[in-house]
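A.B. asks: this is a predicted model, with the sequence first.
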Amino acid sequence: MTESNISPLDAHLGYWLRFVSNHVSHAFAAKLAGRGVTVAEWAVLRDLHGCDGVAPSLLADRLGMTRGAISKLADRLVVKGMLTQTADLDDRRYQALALTPEGRALVPELSALADRNDLEFFGHLEPAERERIAEALKGIVRRMGLRSIPID
């Protein structure tokens, strides 16, 4: 391949997606850090909001994470007082994860941070343009069968 056939780095759509994604994600992570929460912890808290109790295995499936990752996140959130782990009285192997009142109260605040972050990066776009971008990205997710949620 000659030098003239080598595409520039920024000639790829993936480059621009990653460029924007990194900045959006970093800004959101910084906002969450101000509340003492990571992006992965936010995903768990948001998913559990409105639930009475969920098995870690179900939560892992819903979020596209490993059970080990959910276990570590749950342990951290229990220590932070945002999550409870309760064992079933009949089957001690079964555990349910649920938000504490503190965790439940924090979710709307964190959701507002997510909304603000989205507005900062994409608020200048017309609603129809935002919808076209979202639909194009969702189409890629479906076509490629992507499952794990973006938490890194």
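C.D. replies: Received, thanks.
A.B. asks: make it CA atoms for all contacts and neighbour counts henceforth
C.D. replies: Noted.
A.B. asks: poorly predicted segments of the chain, please.
C.D. replies: Residue ranges of the chain with pLDDT under 70: 1-2, 88-93.
A.B. asks: can you show me the strands along it?
C.D. replies: Using DSSP state E, the strands assigned to the chain run over residues 83-87, 95-99.
A.B. asks: need the winner for burial among those strands.
C.D. replies: Comparing the strands of the chain by mean neighbour count (mean count of other Cα atoms under 10 Å), strand 95-99 ranks first with a mean of 22.
A.B. asks: can you give me how far it is from the chain middle?
C.D. replies: Averaged C-alpha coordinates place strand 95-99 at 19 Å from its chain's average position (Cα atoms, centre = their mean, to the nearest Å).
A.B. asks: same check, this time on stretch 9-23
C.D. replies: Per Cα atoms, centre = their mean, the centroid offset for stretch 9-23 relative to its chain is 20 Å.
A.B. asks: please renumber so the chain begins at 59
C.D. replies: Got it, first residue is 59 now, which makes that one stretch 67-81.
A.B. asks: residue contacts, the spatially most central residue of the chain?
C.D. replies: With the centre of the chain defined as its mean C-alpha position, the nearest residue by Cα atoms, centre = their mean is Ala101, 4.2 Å away. By Cα atoms under 8 Å, 6 or more residues apart in numbering, the contact list for Ala101 reads 121, 209.
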